[in-house]
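A.B. asks: please work out how this folds:
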Amino acid sequence: MIVLSGGTGTPKLLMGLKEIADFSVVVNTAEDIWISGNKICPDIDSVIYALAGIIDEEKWWGIRGDTFRTSEMLKNLGFEELMKVGDLDRATHILRSELLRNGLSLVQATKAVARAYGVSHEVFPMCNEDVATTIVTPRGEMHFQEFWVKEKGLPEVLDIYFRGIERARIPKEVRKLLKDDDEILIGPSNPITSILPILSVEDFRNRIRGKKVIAVSPIIGDSPVSGPAGKFMKAKGYEVSPLGVLRVYGDLVSALVVDERDSGLVSEKIFATKTIMRDKDDAIRLSEYILKLFDRL
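C.D. replies: Numbers count the residues shown, from 1 in each chain. Below you'll find the model as predicted:
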């Protein structure tokens with residue numbers, strides 16, 4: 001199985017899935033950003049930390065029990081970073097950046113970081129090239145992290161696009177995965193800014209078309225479980241609902257899993273179960289449901 005992942009929702013699911021299934025993960029990198037000389041890959045790190053069992057389960061980013069003394073000291077010195085970076089978390093960024101500066105690709109650097117954290121599952125970036133999710137607002141264009149972290153997601157969103165996506169290429173390791181594996185799980189991450197960038201790399205869509213593709217909706221009713229998915233879906237012309245999620249993915253999806261509160265939507269293509277994951281047991285239960293659904297397709 002190949003899992004397509006962004007941050008928050010999908011890493012939650014992976015913490016359960018890793019207990020019962022073998023899989024590889026292809027992760028969004030369009031939210032990556034350089035901070036204080038180091039490349040931060042928020043979604044990749046959340047996936048690695050979740051699989052390593054060290055993710056901060058209150059925030060669903062960063063390392064559990066981390067401190068922020070370096071970030072605070074920089075602020076005292078008159079330099080405030082765009083993102084609040086934990087001290088332990090920063091070590092990951094330093095390692096990755098040094099590997100990149102020494103000539104490794106992002107695929108190779110990600111493999112090294114995952115191995116250093118004892119992660120046995122394969123974790124791949126969607127591409128080696130730099131891609132940046134760009135939010136178009138009445139105040140101008142801004143990087144996703146500027147919009148979400150600095151501006152707290154408050155500006156009106158007129159459009160979203162992925163700067164540099166036309167140069168992005170599917171890594172050869174991911175090409176092989178897509179050739180060899182017939183089961184694709186699109187995790188419950190933001191459809192517009194977490195999953196769409198992955199699907200937009202080269203001919204990624206065509207490579208999974210016709211396979212067994214299950215997507216888990218990150219939206220219940222007319223509200224996203226977390227994050228700015230609703231705002232982004234509206235900006236791209238989609239209804240904020242599980243049906244809107246289905247329209248984002250179009251004919252790629254064999255089945256959409258929605259929350260039990262949306263059971264009225266159940267059809268030949270839509271299946272309902274409890275999708276809220278408050279702990280690992282919830283994640284395992286949802287993972288078991290998904291695996292059984294793959295068997296039925």
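
A.B. asks: show me where the stretch 101-250 of the chain has its strands.
C.D. replies: Ranges of strands in the stretch 101-250 of the chain, per DSSP state E, counting those that start in this stretch, are 122-125, 132-137, 140-143, 159-163, 183-186, 212-216, 219-220, 223-224.

A.B. asks: centre of the chain to the longest helix along the chain, how far?
C.D. replies: The longest helix of the chain (DSSP state H) is helix 280-296. Relative to its chain's centre, helix 280-296 lies at 19 Å (CA atoms, centre = their mean, to the nearest Å).

A.B. asks: which helices and strands sit right next to it?
C.D. replies: Judged by 3 or more CB pairs under 8 Å, 6 or more residues apart in numbering; DSSP states H and E, the packing partners of helix 280-296 are helix 9-17, strand 212-216, strand 255-259, strand 270-273. For glycine as for every other residue, the C-beta is placed from the backbone atoms N, C-alpha and C.

A.B. asks: same thing but at 6 Å, please
C.D. replies: On a contact count with 3 or more CB pairs under 6 Å, 6 or more residues apart in numbering; DSSP states H and E, helix 280-296 meets helix 9-17.

A.B. asks: alpha carbons only: can I get the helix or strand following the helix it packs on in CSV?
C.D. replies: Once the chain leaves helix 9-17, the next helix or strand it forms, by DSSP states H and E, is strand 24-27. The C-alpha coordinates for strand 24-27 follow below in CSV (Å, rounded to 0.1, in the frame of the first residue of the first chain):
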residue,chain,number,x,y,z
SER,A,24,5.2,3.3,2.1
VAL,A,25,4.4,7.0,2.4
VAL,A,26,4.7,9.7,-0.3
VAL,A,27,4.6,13.1,1.4
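
A.B. asks: okay, buried residues for strand 24-27 please.
C.D. replies: Applying a neighbour-count criterion of 16 or more other CB atoms under 10 Å, one finds 24, 25, 26, 27 buried in strand 24-27.

A.B. asks: strand partners of that strand, parallel vs antiparallel please.
C.D. replies: Note on strand 24-27: by DSSP bridges, its sheet partners are strand 2-5 (parallel), strand 122-125 (parallel).

A.B. asks: isn't residue 42 right next to residue 31, touching?
C.D. replies: Yes. If you go by CB atoms under 6 Å, residue 42 and residue 31 touch, sitting 5.4 Å apart.

A.B. asks: returning to that earlier point: out of the strands of the stretch 101-250 of the chain, which one sits most buried?
C.D. replies: When those are scored by mean count of other CB atoms under 10 Å, the highest mean neighbour count falls to strand 183-186 (a mean of 25).

A.B. asks: adjacent strands (with direction) for that strand?
C.D. replies: For strand 183-186, pairing defined by DSSP bridges yields strand 2-5 (parallel), strand 212-216 (parallel).

A.B. asks: so residue 201 makes contact with residue 126?
C.D. replies: Yes. With contact defined as CB under 6 Å, residue 201 reaches residue 126; the gap is 5.3 Å.

A.B. asks: as a check, name the ranges of all helices in the stretch 101-250 of the chain.
C.D. replies: 106-116, 144-145, 172-180, 196-199, 204-208, 229-235, 242-249 (DSSP state H, counting those that start in this stretch).

A.B. asks: show me what contacts residue 120?
C.D. replies: Residues counted as contacts of residue 120 (CB atoms under 6 Å, 6 or more residues apart in numbering): none.

A.B. asks: distance-wise, check it relative to residue 251.
C.D. replies: Residue 120 is 34 Å from residue 251, where distance means CB to CB, to the nearest Å.

A.B. asks: with residue 173 instead?
C.D. replies: Taken as CB to CB, the span from residue 173 to residue 251 is 26 Å.

A.B. asks: for residue 275, same thing?
C.D. replies: On the measure of CB to CB, residue 275 and residue 251 end up 23 Å apart.
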